[in-house]
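[1] Okay, sequence plus prediction incoming.
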Amino acid sequence: MDNPLLEQSGLPAFSHIRPRHVEPAIRAVLAESRARVEEILAAAEPPRWDNLVMPLEALDHRLARAWAPVGHLNAVQNTEALRKAYNACLPLLSDYSSELGQHEGLFRAFERVLAEQGDELQPGQRKILEDALRDFRLAGVALAPEPRQRFRAIMQELSTLGAKFEENVLDATQAWRLHLTDAARLAGLPEGARERAAEAARTRGLEGWVLTLDFPCYLAVMSHATDRALRREMYEAWVTRASDHGPSAGKYDNGPVMAGILRLRQEAAQILGFANYAELSLATKMASSVDEVRGFLEDLARRSRKAAEEELGAVQRFAGEPLEAWDIAFWSERLREHDYQVSDEELRPYFPAERVMEGLFDTTARLFGIRIVPGGEVETWHPDVEFFRIENGDGTLLGHLYTDIYAREQKRGGAWMDECVGRARFGAEVSLPVAFLVCNFMPPVGERPGLLSHDDVVTLFHEFGHCLHHLLTKVEWPSAAGINGVEWDAVELPSQFLENFAWHPEVIERLSGHYQSGAPLPRELLDRLIASRNFQSAMQMLRQVEFALFDIRLHAREAADAAAIIDELDAVRREVAVVSYPDFNRFAHGFSHIFGGGYAAGYYSYKWAEVLSADAFSAFEERGVLDAETGRRFRECILEVGGSVDPMDAFIAFRGRPPEPSALLRLAGIDAETASAA
């Protein structure tokens, strides 16, 4: 059978990939990999880096190349047939991963390589071996046969439940829509949002307007609709997605899914000798204990609370009436407009997507000595997709980038970077990295191009930071190349670091220009935008701390049912939040980061890495925000080393000292002295 997923050279043939190709391809690759593992192990006597580790790295690289386009298409072009094929492969992949992780022969062989060859290997190679031995233990290699088999079964079930969680969120999001024929109900909505709603109605053969839970539509209503009842209706639909409440109550309920995930994670942790899943998760991270994480988060909450209370009080006074959760975004936007005379809708015309992308590429080119140019005609999964070459300053090809930045149906919400192809070298064969950059911005309408809010610009910089981490790596061992092998609480360093440049006047001037006239963003408006950077930054800080504390506390306790999960979140909110939430709020049921993604007991890493990123950015503030020499050092010390260097050692190599948290508070506009005394 001619199967495009089995092609290992070039780029994925997206237009030829069909759901029927998925399971046969993955089964074929796994069968070949199993056979090769035993051949490699038998031939590796004595086991060495070149005859054991690198051949195994090649197997992992091949499997990743076959699976990456499948996972990607499932996220950006989700269909029933593809979903079925994707889900059929999850237990197969989980079983293979557990089988290798529990392979005693491989474990002993890796031990011998480190013991007998460790002194002659490069530091990055030793780190790969040490991390692998740790992962063998965390996969249950030392377990007796019965608990080992149970651990494998748990891993299979967890992979299936995680996918189910994501599916429920996507289905619940797409199931809701509101058809309106009264234009008065759209009062306050920006023109672009109204046009998109009208187009959504036309595509469904309806008169008037259709509102959906696509995030650009939801945010436009919550921030601008003067109809309070409309805001409440959309808020309830959003915060009850995939739950036992709201307009689709019980239909896509993630309550039992969450409970199952937590029960299995707890059981897996205890099988491995950990008290709870949080301890197991932290075994592979920079933070050393649950207490350290909680202390870090609680300290941020203490430092931010007074300022957050003042920010909320300012909104309430400005509104002049009691506020509910569905009022906060609306009145906050009005207050921001009042205090800074700046609004997202006033700014959007100056941030056409194409111009922003050019400015982003220009900024990173200046910082890191690279060029980003159109990559020519290639196969893609949607007409919106663009393709680029990433080159060194001398024209040497470094890798490729796909961008897919607009919201649409059958596409998972949010923004993310993912690996299409990883960097690797196997003898004379070199594989250059390829990245996916995916967002959900408001798409073009008619003749009007996609226009971004400044928040969208910041999001784009964030995700491109992850892309650079993947694309600029010099590591040629796949398990430590790019974002691979990087401790989870350091992986956000490049992304959050790059966000800061989206707030610098020189950078904003380069990426902005009116979509019709090309006129630059007026200096007065630019100044007001920059002045608004820390508007409600303390409230935002507490919101992220709330999510992170909920995550770490939930995974540090015994397994919980849906009701106990809600109780835990409510308890955290009573301690941390300054905004009150309605009883029907079911945020946890859509918290994909920890139930469907890789952030379980690791959501704190956003704030942990933000300490690193803020301090790293301060080096540019000291030497010039677009200083090429500082950019070169950041590239060499952070971006190029991937997971081959301990992240703290990498940071110290760049900064010359350990990170200092004061830079984070300063960038957030929180008075460190006042905060410390609070």
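    Yep, that arrived. None of the values given here were measured: they were computed from a predicted structure. Numbers count the residues shown, from 1 in each chain.

[2] Name the helix or strand for Tyr235, please.
    Using DSSP states H and E, Tyr235 maps to helix 228-239.

[3] I'd like the mean pLDDT over that helix, please.
    The average of the pLDDT scores along helix 228-239 is 98.

[4] Strands of the stretch 51-200 of the chain, start to end?
    Listed in chain order, the strands of the stretch 51-200 of the chain (DSSP state E, counting those that start in this stretch) span 177-180.

[5] just checking, next helix/strand downstream of the helix holding Tyr235?
    Using DSSP H and E, the next helix or strand after helix 228-239 towards the C-terminus is helix 255-271.

[6] which residues touch the most centrally placed residue in the chain?
    By Cα atoms, centre = their mean, the chain has its centre lying nearest to Trp416, at 4.6 Å. Applying Cβ atoms under 8 Å, 6 or more residues apart in numbering to Trp416 gives the contacts Ala75, Phe436, Val438, Glu463, His466. Heads up, the C-betas are built off the backbone N, CA and C, glycines and all.

[7] Hmm, the last one is touching Val486, no?
    In this case it means His466. No. Counting by Cβ atoms under 8 Å, His466 sits too far from Val486 to count as a contact (10.5 Å).

[8] Of the contacts of Trp416, which pair is most distant in space?
    Spatially, the most separated pair among the contacts of Trp416 is Ala75 and His466, at 15.1 Å (Cβ to Cβ).

[9] Mind jotting down where the helices sit in the stretch 301-450 of the chain?
    All helices of the stretch 301-450 of the chain, identified by DSSP state H, counting those that start in this stretch, fall at 325-340, 344-347, 353-368.

[10] Ok, the stretch 51-200 of the chain next?
    Under DSSP H, counting those that start in this stretch, the stretch 51-200 of the chain gives helices at 54-76, 80-101, 104-117, 123-138, 145-175, 191-203.

[11] Any chance of those helices in JSON lines with mean pLDDT and mean neighbour count as columns?
    Conversion of those to JSON lines gives the following (pLDDT from 0 to 100; neighbours: other Cβ atoms under 10 Å):
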{"stretch": "helix 54-76", "mean pLDDT": "97", "mean neighbour count": "20"}
{"stretch": "helix 80-101", "mean pLDDT": "96", "mean neighbour count": "17"}
{"stretch": "helix 104-117", "mean pLDDT": "97", "mean neighbour count": "17"}
{"stretch": "helix 123-138", "mean pLDDT": "97", "mean neighbour count": "18"}
{"stretch": "helix 145-175", "mean pLDDT": "96", "mean neighbour count": "19"}
{"stretch": "helix 191-203", "mean pLDDT": "94", "mean neighbour count": "18"}
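
[12] so which of those gets nearest Arg263?
    Arg263 lies closest to helix 145-175 among the helices of the stretch 51-200 of the chain, at 9.5 Å (Cβ to Cβ).

[13] Helix 228-239 and the closest one, what's the angle between them?
    160 degrees (axes from the mean of the first three to the mean of the last three Cα atoms, to 10 degrees).

[14] From the contact counts, what lies against helix 145-175?
    Contact partners of helix 145-175 among helices and strands, from 3 or more Cβ pairs under 8 Å, 6 or more residues apart in numbering; DSSP states H and E: helix 80-101, helix 255-271, helix 592-595.

[15] of those helices, which approaches Arg317 most closely?
    By Cβ to Cβ (comparing all of the helices and strands packed on helix 145-175), the closest turns out to be helix 592-595, at 33.7 Å.

[16] Show the average pLDDT along the closest one.
    96.

[17] need the next SSE after that helix, C-terminal direction.
    Once the chain leaves helix 592-595, the next helix or strand it forms, by DSSP H and E, is helix 605-623.

[18] Next secondary structure element downstream of that next one?
    Assigned by DSSP H and E, the successor of helix 605-623 is helix 628-634.

[19] mind listing what's buried in the helix or strand following that following helix?
    Next helix or strand after helix 628-634 toward the C-terminus (DSSP H and E): helix 647-655. Residues of helix 647-655 classed as buried: Pro647, Ala650, Phe651, Phe654, Arg655 (neighbour count, 16 or more other Cβ atoms under 10 Å).

[20] swap in stretch 33-45?
    Ser33, Val37, Ile40, Leu41, Ala44.

[21] Same check on stretch 443-463?
    So, applying 16+ other Cβ under 10 Å, buried residues of stretch 443-463: 443, 445, 448-454, 456-463.
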